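>>> 3D model of this:
(one chain, ligands or ions: 1)
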Amino acid sequence: MRNTFFIAFTIAMCSVLLFLQVNCTQQVEQKPLTQEELIARGSYIVNSSGCGDCHTPKIMSPNGPVEDTTRFLSGFPAEDKLPPLDLKTVAPGNWYVTEKNLAAWVGPWGISYASNITPDNETGIGTLSEEMFIKTIREGKLMGVGRPLLPPMPWPMFARKTDEDLKAIYAYLMSIKPVKNKVPDPVPPPKLAEYFSKK
Ligand code: HEC
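Numbers count the residues shown, from 1 in each chain. Here you go, the predicted model:
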């Protein structure tokens with residue numbers, strides 16, 4: 001008799017605990033992040049996912065190139081020139097080449113330049129809506145609808161992020177300092193020889 005009571009009591013307590021836990025988890029999942037929380041999460045993701053490796057110009061330090069935080073995420077600097085290059089170096093099967101900012105890359109796809117992803121309206125992504133930003137990363141298209149994004153932008157990996165994470169990244173990028181910097185257009189493979197012969 002005592003045993004039956006004990007078992008019944010234990011089952012009842014477990015049910016209450018289970019109910020409470022399910023309820024609590026649901027509440028945590030349902031609560032949308034405030035704008036401030038969204039920006040903080042975006043900052044955490046961007047600053048731990050290497051976006052600045054390509055998108056922020058570098059200064060040389062005794063330990064190698066470090067990010068120039070005054071030009072955070074502003075892309076390949078418009079005023080910089082690429083050094084001369086023997087195109088045999090980048091022939092298929094040879095090297096992919098980059099420069100001192102790690103922001104311009106040469107390979108069989110031509111020359112690609114890391115974009116200005118600060119919220120500057122003219123030269124950055126200031127006019128890009130949240131929806132189009134998500135499309136850019138998910139579908140790998142410039143400004144969400146343009147030409148396919150060139151290497152080495154790792155969009156196929158970032159495309160796996162959740163909607164909430166992409167929204168957080170967008171909210172954070174829109175909150176950073178806009179930097180005016182018009183990144184050059186990419187150079188397609190047939191124009192490479194002409195581009196480097198002018199050097
Ligand atoms: C390995 C280098 C590299 C890394 C790392 C990288 N990017 Fe890029 N990104 C590029 C390059 C290069 C382009 C330009 C591609 C082109 O012109 O087609 C680009 C383009 C973009 C664009 C498109 C801009 C536009 O005008 O449509 C966005 C948005 C972007 N990157 C966001 C990010 C974010 C956010 C991260 C970090 C989570 C990141 N990138 C990490 C190299 C990189």
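>>> how far away is residue 166 from residue 185?
According to Cβ to Cβ, to the nearest Å, residue 166 and residue 185 sit 26 Å apart. Glycine gets a C-beta too; all of them are placed from N, C-alpha and C.
>>> quick one, which of those two is more surrounded?
residue 166 (21 against 9; other Cβ atoms under 10 Å).
>>> please name the nearest non-neighbouring residue to the more buried one.
Among residues not flanking residue 166 along the chain, residue 134 sits closest, at 4.9 Å (Cβ to Cβ, 6 or more residues apart in numbering).
>>> who touches the host helix or strand of the one you found?
Secondary-structure assignment from DSSP states H and E places residue 134 in helix 130-139. Residues outside helix 130-139 that contact it (Cβ atoms under 8 Å, 6 or more residues apart in numbering): 125, 128, 141-145, 149, 155, 158-159, 161, 163, 166-167, 169-170, 173.
>>> among those residues, which ones are buried?
Buried members of these, scored by 16 or more other Cβ atoms under 10 Å, are 125, 128, 141, 144, 149, 158, 161, 166, 167, 169, 170, 173.
>>> closest to residue 113 among the residues you listed?
residue 149 (11.7 Å; Cβ to Cβ).
>>> pLDDT score assigned to the closest residue to that closest one other than its chain neighbours?
Spatial nearest neighbour of residue 149, excluding adjacent residues (Cβ to Cβ, 6+ apart): residue 140 at 4.6 Å. Residue 140 is assigned a pLDDT of 98 by the prediction.
>>> same deal with residue 14?
57.
>>> now swap in residue 197 and tell me
Looking at residue 197, its pLDDT reads 91.
>>> any idea how far residue 191 is from it?
Going from residue 197 to residue 191 by Cβ to Cβ gives 11 Å.
>>> out of the two, which sits in the busier spot?
Per other Cβ under 10 Å, whichever of residue 197 and residue 191 has more neighbours is residue 191, with 12 against 9.
>>> who's in contact with the residue lying closest to residue 191 once chain neighbours are set aside?
Of all residues not flanking residue 191 in the chain, residue 110 sits nearest, at 7.1 Å (Cβ to Cβ, 6+ apart). By Cβ under 8 Å, 6+ apart, residue 110 lies in contact with 150, 186, 187, 188, 189, 191, 192.
>>> repeat that for residue 181.
Residues in contact with residue 181 (Cβ under 8 Å, 6+ apart) are 71, 74, 75, 77, 78, 116, 118, 120, 123, 124.
>>> sweet, I'm off.
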